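> what's the 3D shape of this:
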Amino acid sequence: MFWILSFEFWISWYFGFGILTPRLAPFLAPSAKAISYQLTPRLAPFLAPSAKAISYQFSADTRLSGNQIHDLPYTGISIGYRWDSSATSQRRCLVEYNHIHNVMQELADGAGIYTLGYQPGTILRGNYIHDVLRSSSAVGSPNNGLYFDEGSKGFLVEDNLVYAVSGEPVFFNKSNRDLHQWNHNYFSKEKPPETKEVQEIIRRAGPDTSHRQSE
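Presented below is the predicted three-dimensional model:
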């Protein structure tokens, strides 16, 4: 097991990822890993237009929390990499309290958070996603807030706020709503009224973890 805690990243890898967990045999797959703070791959548009701030695949019990991810040509967070619903080592991951905005500035067919494959026990919680853009030169599928691609199932999706997206706040491709659990989300094309619940999601998302220390 290994941990990555409270780092700030300023550059994307040349081949397109800020942080990448590779595909490994199940007994070698990374587990109990935490990624937290701020990810701003400022050179991504120049080095790799297909860059994702974070992509983790075939890992278990990973916590991705409190990141601010923005100004990307492509997807903010990508989890899983199996193009069907067969089981892998990707399971019980927690993606929570991330603030993702101004992504998808160059390419198509991506999202603030993108998922692929069966990931039992995985939770998407308290993420604040907005301004998912689309370039006039982009060709392909829509750019979305949450994108559940092929084989995606087994997620708990709760207390997320998604609005101002060029495609759909939530999009499914060979997945569907009934394969997941849903609680108290706020999905809209336009910014919703700032109710107490919406304000709380905004307040809790991003790098400042002082208000989450008791959790």
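
> specify the beta-bridge partners of Glu96.
Here Glu96 sits in beta bridges with Ser65, Arg125, going by DSSP bridges.

> ditto for the one 4 residues further on
Taking DSSP bridges, one finds Ile69, Ile129 as the beta-bridge partners of Ile100.

> any regions of the chain where pLDDT drops low?
Scanning the chain for pLDDT under 70 picks out 1-48, 208-215.

> quick check on Ile202: phi, psi?
With angles defined as degrees, to the nearest 10, Ile202 sits at phi -60, psi -40.

> for the one 3 residues further on, same thing?
Taking degrees, to the nearest 10, you get phi -80, psi 140 for the backbone angles of Ala205.

> all the helices of the protein, in order from the start?
Using DSSP state H, the helices of the chain run over 44-47, 196-204.

> quick check: buried residues in the last one?
Neighbour counts over helix 196-204 (16 or more other CB atoms under 10 Å) mark 198, 201, 204 as buried. Quick note: C-beta positions are derived from backbone N, CA and C, even for glycine.

> can I get the residues you listed in a markdown table with distance to Ile113?
Formatted as a markdown table, the buried residues of helix 196-204 follow (distance: CB to CB, whole Å):
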| residue | distance to Ile113 |
| --- | --- |
| Val198 | 18 |
| Ile201 | 14 |
| Arg204 | 16 |
